[in-house]
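In: I need the structure of the sequence given here:
(one chain, ligands or ions: 3)
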Amino acid sequence: MQSITIRRPDDWHLHLRDGAMLEGVIADTSRTFARAIIMPNLVPPVVTSADATAYRDRILKALPNGHRFQPLMTLYLTEHTSPDDVEEGARSGLITAVKLYPAGATTNSHGGVRDMEKAMPVLERMAEIGLPLCVHGEVTTPEVDIFDREAVFIETVLDPLRQRLPELKVTMEHVTTSDGIDYIKAAKGNLAGSITTHHLIINRNAILVGGIRPHYYCLPVAKRESHRLALRAAATSGDARFFLGTDSAPHVDPLKECACGCAGIYTSINTMSCLAHVFEQEGALDRLEAFASLNGPAWYGLPPNEERITLTRQAEPVVFPAKIETGAGPVTVFDPMFPLHWRVVG
Ligand SMILES: NC(=O)N[C@@H](CC(=O)O)C(=O)O
Ligand SMILES: [Zn+2]
Ligand SMILES: [Zn+2]
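Out: Residues are numbered from 1 along each chain as shown. Ligands and ions are numbered 1, 2, ... in the order given. This is a model prediction of the structure:
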């Protein structure tokens, strides 16, 4: 049997939600991942260090017995965020990054930033103390086509910001376009990108061909095939600027399967099986560890995990549930549309 052993992976972009949903999903991450950057887009969002402390405690309380898992907390940037609060949170080790949601760009982003000018004092402080900014890189201008939102964000928001504050460390999260990949590669430093599992596997056909398929709808929306290929090339290249951020984003089925379905794909449970498949297809299994376990910690200035996990390839497909049941309701699991043969064995 073929097998591969890598350092225990981390997830550099994860939605754990809260309450019954948090309790229902956390084990799918903590079973396999040692750490994750926890997204702050709760209702209401995690905006202060006090909010983040309370949320971290709820996450740790929801952890199954025997699971060791470190939530790396983020603050949701608003136009009123206090630079001092951010600095205190960072210095105490509570906060790993601050998250920029352009207002209206995605799930629970209405409290995000409308006018970047108002966020400058916080961003300047972050640049000073070396605290990374994680960005949902999409503009929300109604005139801009949804498939172009990432490219336009780079040109009109991200590049001007980086020119103004070259010392600011920026993580472009869930990169979905070759424009994003090229922009990161061309940068002289202080820029990296996370890539999701699903964007390595689906293009926009998955959402629209043969009927509208809400469980493949997420933001940024999957793009055309050429972009997926660029993401795969970057992820499997070993380039230290690219790493895993699953963006696993659970929504209960009734909120996905309706006239105005939520954006988000749930991949925590089968991410490593999907990734091993992708890296094997690309002849890059030896670079899976860089993508899932090494590049992320290096970017965030943390040591890689000492523990190892082993994945084995079995002849029979590995069966994952089509849905998980949570106290909040059922959540459909990402279906890669091919059989998975890799399993995490420990
Ligand atoms: N990715 C998504 O489609 N949804 C995320 C928000 C986000 O990461 O943009 C969510 O919170 O549901
Ligand atoms: Zn996002
Ligand atoms: Zn997300």
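
In: number of nearby residues for whichever residue of the stretch 51-200 of the chain sits closest to ligand 2?
Out: Nearest to ligand 2 in the stretch 51-200 of the chain, going by C-beta to the ion, is His136, at a distance of 3.6 Å. Placement of C-beta: from N, CA and C, glycine included. Counted with other C-beta atoms under 10 Å, the neighbours of His136 add up to 24.

In: measure it to Ser237 for me?
Out: Look at His136 and Ser237: by C-beta to C-beta, to the nearest Å, they are 24 Å apart.

In: just to be sure, Arg162 is in a helix?
Out: Yes - per DSSP: H, G, I helix; E, B strand; the rest coil, Arg162 lies within a helix segment.

In: touching, it and Val170? I think so.
Out: Yes - with contact defined as C-beta atoms under 8 Å, Arg162 reaches Val170; the gap is 6.5 Å.

In: next, show the common contact partners of the two.
Out: Asn190, Leu191 (C-beta atoms under 8 Å, 6 or more residues apart in numbering).

In: one step back: show me what contacts the residue of the stretch 51-200 of the chain closest to ligand 2?
Out: His136 sits next to Lys99, Leu100, Tyr101, Pro102, Ala105, Thr106, Ser109, Glu173, His174, Leu219, Pro220 when contact means C-beta under 8 Å, 6+ apart.

In: mind running it again at 10 Å?
Out: Counting by C-beta atoms under 10 Å, 6 or more residues apart in numbering, His136 touches 13, 39, 41, 99-102, 105-107, 109, 112, 150, 153, 172-174, 219-220, 247.

In: how near is it to Glu307?
Out: According to C-beta to C-beta, His136 stands 31 Å off from Glu307.

In: where does the closest residue to ligand 2 within the stretch 201-346 of the chain land in three-state SS?
Out: Using C-beta to the ion, the single residue of the stretch 201-346 of the chain nearest to ligand 2 is Leu219, 5.9 Å away. Per three-state DSSP, the secondary structure class of Leu219 is coil.

In: same check, this time on Ala298
Out: Ala298 - assigned by three-state DSSP - is helix.

In: Ile324 - nearest residue in space that isn't next to it in sequence?
Out: Counting by C-beta to C-beta, 6 or more residues apart in numbering, Val331 is the residue found nearest to Ile324 once chain neighbours are left out, at 5.2 Å.

In: hang on, that neighbour is in a helix, isn't it?
Out: No - with three-state DSSP as the criterion, Val331 is located in strand rather than a helix.

In: give me the number of residues near it?
Out: Neighbour tally, Val331, other C-beta under 10 Å: 28.

In: returning to what we had before: list the contacts for the residue of the stretch 201-346 of the chain closest to ligand 2?
Out: If you count contacts by C-beta under 10 Å, 6+ apart, Leu219 has them with 105-107, 109, 136, 138, 146, 149, 174, 176, 247, 249, 262-265.

In: before we move on, the earlier item: please say which of Arg162 and Val170 ends up with more neighbours.
Out: Neighbours were counted for Arg162 and for Val170 using other C-beta under 10 Å; Val170 has more, 25 against 18.

In: can you check the pLDDT for that one?
Out: Confidence at Val170, expressed as pLDDT, is 98.

In: and it, how far is that from ligand 1?
Out: According to C-beta to the nearest ligand atom, to the nearest Å, Val170 and ligand 1 sit 16 Å apart.

In: what does stretch 296-304 rub up against?
Out: For stretch 296-304, contacts defined as C-beta under 10 Å, 6+ apart pick out 6-13, 34-37, 70, 72, 96-97, 130, 132, 169, 171, 191-194, 240-245, 289-290, 293-295, 305.

In: drop anything exposed from those.
Out: Buried residues within the contacts of stretch 296-304, defined by neighbour count using 16 or more other C-beta atoms under 10 Å: 6-13, 34-37, 70, 72, 96-97, 132, 169, 171, 191-194, 241-245, 289-290, 293-295, 305.

In: take these and keep only those in strands.
Out: Among those, the members falling in strands (DSSP state E) are 6-7, 11-13, 35-37, 70, 72, 96-97, 171, 191-194, 242-244.
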